[in-house]
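Participant: prediction below, plus the sequence it came from.
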Amino acid sequence: MNNEQRRARQEKIRNFSIIAHIDHGKSTLADRILEQTGALTEREMKEQTLDAMDLERERGITIKLNAVQLTYTAKDGEEYIFHLIDTPGHVDFTYEVSRSLAACEGALLIVDAAQGIEAQTLANVYLALDNDLEILPVINKIDLPSAEPERVKKEVEDVIGLDASDAVLASAKNGIGIGEILEQVVEKVPAPTGDPEGPLKALIFDSLYDSYRGVVAYIRIVEGTVKPGQKIRMMATGKEFEVTEIGVFTPKAEKRDELTVGDVGFLSASIKNVGDTRVGDTITSAGNPASEPLPGYRKMNPMVYCGLYPVDTNEYNDLREALERLELNDASLQYEPETSQALGFGFRCGFLGLLHMEIIQERIEREFGITLITTAPSVIYNVTLTNGEELKVDNPANMPDAQKIEHVEEPYVKAKVMVPNDYVGAVMELCQGKRGIFIDMQYLDENRVQIVYEIPLSEIVYDFFDQLKSSTKGYASFDYELIGYKQSKLVKMDILLNSETVDALSVIVHRDSAYERGKIIVEKLKELIPRQQFEVPIQASIGQKIIARSTIKAMRKNVLAKCYGGDISRKRKLLEKQKEGKKRMKSVGSVEVPQEAFMAVLRMDD
Ligand SMILES: Nc1nc2c(ncn2[C@@H]2O[C@H](COP(=O)(O)OP(=O)(O)OP(=O)(O)O)[C@@H](O)[C@H]2O)c(=O)[nH]1
């Protein structure tokens, strides 16, 4: 292609994403768009959608981004090139959402016609506005009997301040409104600007590890043109590579001879580690480098840490290999070896958030067949010692002695909760109980309210989300962002089993609630740890001081004694059950402790 052809083609490109609150119908609409543009036949639809990973399908959430090139013949008779870029919908991946939006000029904003605007609708709209995108509202699920499209339109105008007069009324499920959406994309989403002859600037908005190609970077070309054989440079790390393959997803991967301004596709260059293709980084040409990278690159730091230990100590090396493999695909996963007196050899791992943590744990168990003991998640505390030294502590067990500490700071988030009127009291009570500081309350319409609190991240990491859901019957939606560190009166609480401190059970708690928490934790542990052959005292202590205690009585009878002799199948079942239970037990000193016990320090609900 010459530059004139490239420029003409550029005029016909439309790059857009779909943004929505979870379950408002993003994936369903994406599928419909693929179908209508002929990218997939119906049979293929069943097998292949934008959400690729198994886990994703099961959980019904989008984890990894993807980008598809589609051709669409519009009513004006012209053929357009669409790049539909998928975004993950969860707060843990906000940065990835933001980078994939940076690869677009427009976004379809899907709002459920029955639910209206939810917390992540707003969070995503702000990200889209930050990236100067043209936002096209779509009111989805108008087929539902409870749909109130006019009310939701008004909400979009009042709450977000977008003109919703042209909002498409759609049903992704029944294929209503899809044509209209595609026409609006052509009319309203601007074509990419940029000089195909300029020095190369390609935004990396995702990457993954492929065992044949090495790392595959998902890129959007903002300036210039890239071809196979070209020498490229990653602007954040300075590393250089030679391009081996470029192409687009249709959604099958198809090779191309070049990618130029506005194109969205993949690039591989014998890169071994996804850490070299960081999301948000700019790829330039090594021979004719751009003077400035694209704006907004940010290194991602984990927010939540926990210990991962194999139940079977022989699986330590397998666990290391599993983490190495997962790291290839996930630059935001961090880990380092850690030893616990209670649990032996394992790893301290850092995650972007709770969902990210659960996904990694589940993948290790499922894809690598390793049974894990996981310790309660912790945030990073900034500790200033009396001698002026500053520490970052990501494991409660490593918190220095209280006498040596001058003060401790913990991360705070701004939490936005949206609920129907009736639950305002319940939400405020919950936030207050989590040491929340009230910031703001706004009525979205007659019946819905947005409540804003500043809350310590550690309280969110504990079961905030579950409690929010149960206290609002599932009607609340929730979103948060980190706002920085604040000083708090925090202390380390140790748990002793049989008079021995179990390092993996230590927690950091607020001084004012330490006694209460200590009492609940020892009672919880008493329930969870099965009786042993001997009596086991459980104690909670702060420093040398015991603040709560309880005792697990010694086991009296053999379990089989319950089976009144006769029924062999019943007996077998019981033994099987015991064996199952055994799997996730860890001997701590002389006491057998089940997995649930390590999480018990989090559950404060009952
Ligand atoms: N009645 C009705 N249901 C719909 C419509 N569109 C989607 N759904 C249903 O809503 C649920 C959620 O749809 P998804 O497309 O998976 O939602 P999503 O926004 O992609 O969810 P995440 O991937 O978690 O962000 C599914 O059960 C869909 O079948 C619609 O137009 N009408």
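Facilitator: Received, thanks. Residues are numbered from 1 along each chain as shown.
Participant: going by C-alpha atoms from here, please, whenever you check contacts or count neighbours.
Facilitator: Noted.
Participant: what stretches of this protein score poorly on pLDDT?
Facilitator: Counting by pLDDT under 70, the chain contains low-confidence residues at 40-65, 89-91, 556-585, 601-606.
Participant: leaving out sequence neighbours, find the closest residue to the residue nearest to the spatial centre of the chain.
Facilitator: For the chain, the residue nearest the mean C-alpha position is D92 (3.2 Å; Cα atoms, centre = their mean). Counting by Cα to Cα, 6 or more residues apart in numbering, D92 lies nearest to G353, which is 5.0 Å off, once chain neighbours are set aside.
Participant: does the one you found really touch C306, like I thought?
Facilitator: No: because the distance of 10.9 Å does not satisfy Cα atoms under 8 Å, G353 is recorded as not touching C306.
Participant: more neighbours: which of the two?
Facilitator: Neighbours of G353 and C306, each counted by other Cα atoms under 10 Å, are more numerous for C306; the result is 22 against 19.
Participant: dig out what the more buried one forms beta bridges with.
Facilitator: Partner residues in beta bridges with C306: C349, with DSSP bridges as the criterion.
Participant: and D318, that's in a helix?
Facilitator: Yes: assigned with DSSP: H, G, I helix; E, B strand; the rest coil, D318 falls within a helix.
Participant: so what's the residue of the stretch 351-500 of the chain found nearest the ligand up against?
Facilitator: The shortest separation between the stretch 351-500 of the chain and the ligand is 12.4 Å, found at L355 (distances taken as Cα to the nearest ligand atom). Applying Cα atoms under 8 Å, 6 or more residues apart in numbering to L355 gives the contacts D92.
Participant: my reading is that it lies in a helix. Confirm?
Facilitator: Yes: assessed by three-state DSSP, L355 belongs to a helix.
Participant: burial count for Q544?
Facilitator: When counting by other Cα under 10 Å, one arrives at 8 neighbours for Q544.
Participant: state the distance from it to I495.
Facilitator: Separation of Q544 from I495 (Cα to Cα, to the nearest Å) stands at 11 Å.
Participant: would you map out the domains in this structure?
Facilitator: What the TED database lists as the domains of the chain is 3-188, 201-285, 304-375, 399-488, 492-602.
Participant: and those domains, which is most packed in?
Facilitator: domain 201-285 (a mean of 22; mean count of other Cα atoms under 10 Å).
Participant: any idea which element A290 lies in?
Facilitator: Element membership for A290, per DSSP states H and E: none, as it lies in no helix or strand.
Participant: in terms of helices and strands, where is the residue nearest to it when sequence neighbours are not counted?
Facilitator: Of all residues not flanking A290 in the chain, P199 sits nearest, at 5.2 Å (Cα to Cα, 6+ apart). Counting by DSSP H and E, there is no helix or strand that carries P199.
Participant: mind starting the numbering at 15 from now?
Facilitator: Got it, first residue is 15 now, which makes that one P213.
Participant: how many other residues sit next to P213?
Facilitator: If you count neighbours by other Cα under 10 Å, P213 ends up with 20.
Participant: how about the residues of the stretch 165-314 of the chain near the ligand?
Facilitator: By the rule Cα under 6 Å from any ligand atom, the part of the stretch 165-314 of the chain lying against the ligand is S185, A186, K187.
Participant: same list (these) but as JSON lines, adding secondary structure.
Facilitator: Converted to JSON lines, these look like this (three-state DSSP):
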{"residue": "S185", "secondary structure": "strand"}
{"residue": "A186", "secondary structure": "coil"}
{"residue": "K187", "secondary structure": "coil"}
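Participant: circling back to that earlier point, against G212, how distant is the residue nearest to D106?
Facilitator: Here the distance between G367 and G212 works out to 39 Å (Cα to Cα).
Participant: list the contacts of K448.
Facilitator: I469, P470, E473.
Participant: now, which of these lie within strands?
Facilitator: With strands taken from DSSP state E, the overlap with these comprises I469, P470.
Participant: I'd like the contacts of K448 laid out as a markdown table, including distance to K40.
Facilitator: Conversion of the contacts of K448 to a markdown table gives the following (distance: Cα to Cα, whole Å):
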| residue | distance to K40 |
| --- | --- |
| I469 | 30 |
| P470 | 31 |
| E473 | 30 |
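Participant: chain center to the helix or strand containing E194: distance?
Facilitator: When secondary structure is defined by DSSP H and E, E194 falls within helix 192-202. Here the centre of mass of C-alpha atoms in helix 192-202, compared against the chain's by Cα atoms, centre = their mean, to the nearest Å, lies 30 Å away.
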